[in-house]
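*Asks:* let me see the structure of the following:
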Amino acid sequence: MATLDDIARQLGVAKSTVSKALNGADDVSENMRRAVLEKAVELGYSRALRGAQPRIAVFVTNMDYANPEDFGYDIVIGFRKLAEPAGYHVEIIPLDIPTQKNMHYDEYMILGNYRGGLFLGLSLLDPWLKDFQTCRTPTVLYDNKVEGNPHVTYVGVDNFEGMEQVVEYLKGLGHEKIGYFTGGLESYITQKRCRAFFRAAEKNGLPCGEELMGNNYHVTKCMDEHLDRLLDLGCTAFVCSHDLMAKTVIESCAKRGLKVPEDISVMGHDDGPLCELTTPALSSVRQNRTELGKSAFYALSSQMGNVHLSILLLHTELIVRDSCGPAPKK
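*Replies:* Next up is the predicted model:
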């Protein structure tokens with residue numbers, strides 16, 4: 001573990017100058033502060049204070065987490081259930097683009113005295129994704145993957161397994177053409193889930209052309225642009241990348257006089273609280289979010305112990321309710 005002495009020796013300055021730079025003292029120039037931070041990152045310095053409770057951060061963006069019905073709530077709870085008994089102080093930090101643009105990730109973590117970080121809800125447009133390619137801070141990304149950096153672990157569920165469960169189930173109900181609805185493809189997970197669906201369709205001998213996909217970040221626009229087209233193509237079932245999309249499909253079909261599941265079968269993904277409230281109750285692919293949170297801490301604690309996990313995936317579970325049924329007879 002690098003020390004203040006190591007940084008001072010490398011820069012040819014006094015240890016007190018390094019300490020002042022890291023603590024934001026006014027009598028240290030911005031150029032010196034920047035040089036100290038860059039050298040601290042290069043040497044893998046950790047600024048955890050002696051005797052203080054070690055701190056780790058959960059960064060959240062594009063995801064609700066404050067209330068029990070929110071998707072991220074159980075992930076955060078699962079993470080804290082293991083982290084806090086292990087002696088860590090967990091700080092939840094809403095993450096925005098300006099923060100990422102104003103300071104590099106490793107520098108932010110050093111100045112905040114954070115030993116490591118978990119990230120929820122990142123898109124491919126987040127600036128720190130580039131930092132994750134070379135960062136030294138122990139880091140876990142939920143539903144995002146960075147190649148080649150041993151300090152970063154990807155945690156999620158096995159989406160290929162989940163989509164194979166869904167497609168095999170719908171094929172067993174007699175559906176011969178299945179459409180796929182997704183939000184925008186600006187995140188790693190939406191792209192991966194899309195590929196998983198079409199690979200599962202191909203594996204099961206079903207049509208798998210791109211014309212069977214409808215996508216738009218706005219779910220209502222997605223229906224307006226693609227639902228009628230996919231119905232005209234002969235789709236008798238729809239798989240959706242998330243539960244809200246599936247709920248919107250059910251509502252949009254009802255407006256067209258189509259009954260679910262008698263005329264159209266609909267499958268969601270994530271198995272959030274919404275599924276029990278949909279009419280009919282929504283079948284979905286379950287992610288055990290509490291276990292995901294626990295797995296994220298396991299991965300982060302492994303990273304902090306110099307065990308560099310690459311990927312940690314949980315199994316999915318197909319939850320069958322009332323939104324899927326036999327394919328309508330021709």
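*Asks:* do I have it right that Cys208 meets Ala201?
*Replies:* Yes - look at Cys208 against Ala201 with CB atoms under 8 Å: they come within range, at 4.1 Å. C-beta: built from backbone N, CA, C; applies to glycine.
*Asks:* who has more neighbours, those two?
*Replies:* Set Cys208 next to Ala201 and count neighbours by other CB atoms under 10 Å: Ala201 wins out with 24 against 18.
*Asks:* isn't that one right next to Gly179, touching?
*Replies:* No - counting by CB under 8 Å, Ala201 stays clear of Gly179, with 10.1 Å between them.
*Asks:* overlap in contacts of the two?
*Replies:* Leu212 (CB atoms under 8 Å, 6 or more residues apart in numbering).
*Asks:* state the distance from Thr153 to Glu211.
*Replies:* Using CB to CB, to the nearest Å, Thr153 is found at 37 Å from Glu211.
*Asks:* looking at those two, which is more packed in?
*Replies:* Under the criterion of other CB under 10 Å, the comparison of Thr153 against Glu211 puts Thr153 first, with 27 against 11.
*Asks:* for the more buried one, identify the helix or strand it belongs to.
*Replies:* Assigned by DSSP states H and E, Thr153 falls within strand 152-157.
*Asks:* just the pLDDT at the residue lying closest to Ser310 once chain neighbours are set aside, thanks.
*Replies:* Using CB to CB, 6 or more residues apart in numbering and skipping residues adjacent in sequence, the residue nearest Ser310 is Thr153, 6.6 Å away. pLDDT, Thr153: 98.
*Asks:* for Thr153, give me its contacts.
*Replies:* 139-141, 299-300, 302-303, 308-312.
*Asks:* any idea which of those residues is closest to Leu170?
*Replies:* Closest approach between those and Leu170, by CB to CB: Ile311, at 27.7 Å.
*Asks:* run through the bridge partners of that closest one.
*Replies:* With DSSP bridges as the criterion, Ile311 is bridged to Tyr154.
*Asks:* how many neighbours does it have?
*Replies:* Ile311 has 11 neighbours, counted by other CB under 10 Å.
*Asks:* try Thr139
*Replies:* For Thr139, the neighbour count with other CB under 10 Å is 26.
*Asks:* the contacts of Thr153 in strands, which ones?
*Replies:* 139-141, 311-312 (DSSP state E).
*Asks:* closest to Phe119 out of those?
*Replies:* Leu141 (5.0 Å).
*Asks:* that closest one and His151 touch, don't they?
*Replies:* No - Leu141 is beyond contact range of His151, at 11.1 Å (criterion: CB under 8 Å).
*Asks:* show me which of the two is the more surrounded one.
*Replies:* Leu141 (23 against 19).
*Asks:* and stretch 241-258, how far out from the chain's middle?
*Replies:* 24 Å (CA atoms, centre = their mean, to the nearest Å).
*Asks:* repeat for stretch 119-134
*Replies:* Computed by CA atoms, centre = their mean, the chain-centroid distance of stretch 119-134 equals 11 Å.
*Asks:* straight-line length of it, end to end?
*Replies:* 16 Å (CA to CA, to the nearest Å).
*Asks:* and if you look at stretch 74-92?
*Replies:* End residues of stretch 74-92 are separated by 13 Å (CA to CA).
*Asks:* in that stretch, which residues are buried?
*Replies:* For stretch 74-92, a neighbour-count test (16 or more other CB atoms under 10 Å) marks 74-76, 78-80, 82-83, 88, 90, 92 as buried.
*Asks:* what pLDDT, on average, does that stretch get?
*Replies:* Across stretch 74-92, pLDDT averages out at 93.
*Asks:* run the chain-centre distance for that stretch.
*Replies:* Per CA atoms, centre = their mean, the centroid offset for stretch 74-92 relative to its chain is 17 Å.
*Asks:* show me what that stretch is in contact with.
*Replies:* By CB under 8 Å, 6+ apart, the list of residues contacting stretch 74-92 reads 53-58, 60, 65, 114-115, 118, 120, 142, 289-298, 301.
*Asks:* I figured Pro138 was touching Met304, is that so?
*Replies:* Yes - between Pro138 and Met304 there is a contact at 4.7 Å, judged by CB under 8 Å.
*Asks:* any common contacting residues for these two?
*Replies:* 115-116.
*Asks:* in terms of packing, which of the two has more residues around it?
*Replies:* Shown here are Pro138 and Met304; by other CB under 10 Å, Pro138 has more neighbours (25 against 17).
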